[in-house]
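A.B. asks: All I have is the shape, not the residue letters:
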């Protein structure tokens, strides 16, 4: 039987974004995003012709710990939104000059529009068509006519690969983190897959503990992405593969 849910996985169920959020800088720090930020910047210029970003505004939905925003804030006046208080605290420490707002990308309405609306890999936590369409409606509501929308899912149905990944970083104070991520797809006929994490966490005194976490992710076909982005109010919808093997979707906001 297909597993579907029309609500985001609660932050409390993803320990990484709750009680473990303060470890984020050792899992995915800004230094990991240098090349990706450069690729995103080049794509924005190609799609819009904005050689100068003076006065341009951007909204990132699902900013997490702000590691990507750390690079983008050099070119945009950024507003950063996430529904996890712990992740917003991390992002505020990294990006103190940026506006931060707590909110759910499927419901948020700030009453403002931006030149760029961006959703990075937080979009993977939208596990049904209705949830994804709601987030796209949020993006459209906040994107000015002629503005750019960009969304970067980790994968689409055609590119989902199961397997194991490992990594982690050390801090100057002696703390360290190492992780193992195991991606599986229990039912390829539905629109979700699972990512199980094991974290080895070493505190400043050298004591090591092990923590486990489980995330349910959404995955949709490339044609669905293109169709739903267009139906949300965006024109010139494109899907190009980036150097990291991901489909990057963009669209220009049509006038209402």
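C.D. replies: Yep, it's here. Keep in mind the model is a prediction, meaning the values are calculated, not measured.
A.B. asks: which stretch of helix or strand covers the residue nearest to residue 256 when sequence neighbours are not counted?
C.D. replies: Leaving out its chain neighbours, the residue that sits closest to residue 256 by Cβ to Cβ, 6 or more residues apart in numbering is residue 145, at 7.1 Å. C-betas here are computed from N, CA, C, even on glycine. Assessed by DSSP states H and E, residue 145 sits inside strand 143-151.
A.B. asks: same deal with residue 244?
C.D. replies: Here residue 244 is assigned to no helix or strand, by DSSP H and E.
A.B. asks: Tell me the spacing between the nearest residue to it once chain neighbours are set aside and residue 92.
C.D. replies: Nearest residue to residue 244 in three dimensions, chain neighbours excluded: residue 36, at 6.8 Å (Cβ to Cβ, 6+ apart). Spatial separation of residue 36 from residue 92 under the definition Cβ to Cβ, to the nearest Å is 22 Å.
A.B. asks: Of the two, which one has the most company?
C.D. replies: Taking neighbours as other Cβ atoms under 10 Å, residue 36 and residue 92 compare with residue 36 leading, 18 against 15.
A.B. asks: now the angle between strand 143-151 and the helix or strand that one falls within, please.
C.D. replies: Using DSSP H and E, the element containing residue 36 is helix 34-48. Relative orientation of helix 34-48 versus strand 143-151 (axes from the mean of the first three to the mean of the last three Cα atoms, to 10 degrees): 140 degrees.
A.B. asks: Residues touching helix 34-48, excluding its own?
C.D. replies: Counting by Cβ atoms under 8 Å, 6 or more residues apart in numbering, helix 34-48 makes contact with 50-51, 68, 71-72, 75, 116, 118, 148, 150, 152, 238, 240, 242-244, 248, 250, 252, all of which sit outside it.
A.B. asks: Kindly report the same for stretch 154-169.
C.D. replies: Residues from elsewhere that reach stretch 154-169, judged by Cβ under 8 Å, 6+ apart: 25-27, 29, 121, 124, 176-185, 191, 193, 200, 217, 219-222, 225, 245-247.
A.B. asks: out of those, which are buried?
C.D. replies: The neighbour-count test (16 or more other Cβ atoms under 10 Å) applied to the contacts of stretch 154-169 identifies 25-27, 121, 124, 176-179, 181, 183, 185, 191, 193, 217, 219-220, 225, 246-247 as buried.
A.B. asks: Next, residue 124: secondary structure please.
C.D. replies: With DSSP: H, G, I helix; E, B strand; the rest coil as the basis, the three-state label of residue 124 is helix.
A.B. asks: Check residue 104 too.
C.D. replies: Going by three-state DSSP, the secondary structure assigned to residue 104 is coil.
A.B. asks: And the pLDDT for it?
C.D. replies: Per-residue confidence for residue 104 comes out at a pLDDT of 98.
A.B. asks: from what I can see it touches residue 83, true?
C.D. replies: Yes. If you go by Cβ atoms under 8 Å, residue 104 and residue 83 touch, sitting 4.9 Å apart.
A.B. asks: So which of these two has more stuff around it?
C.D. replies: For residue 104 versus residue 83, neighbours defined as other Cβ under 10 Å are more numerous around residue 83 (21 against 17).
A.B. asks: Just the pLDDT at that one, thanks.
C.D. replies: So residue 83 comes in at 96 (pLDDT).
A.B. asks: What of residue 4?
C.D. replies: Predicted confidence (pLDDT) for residue 4: 36.
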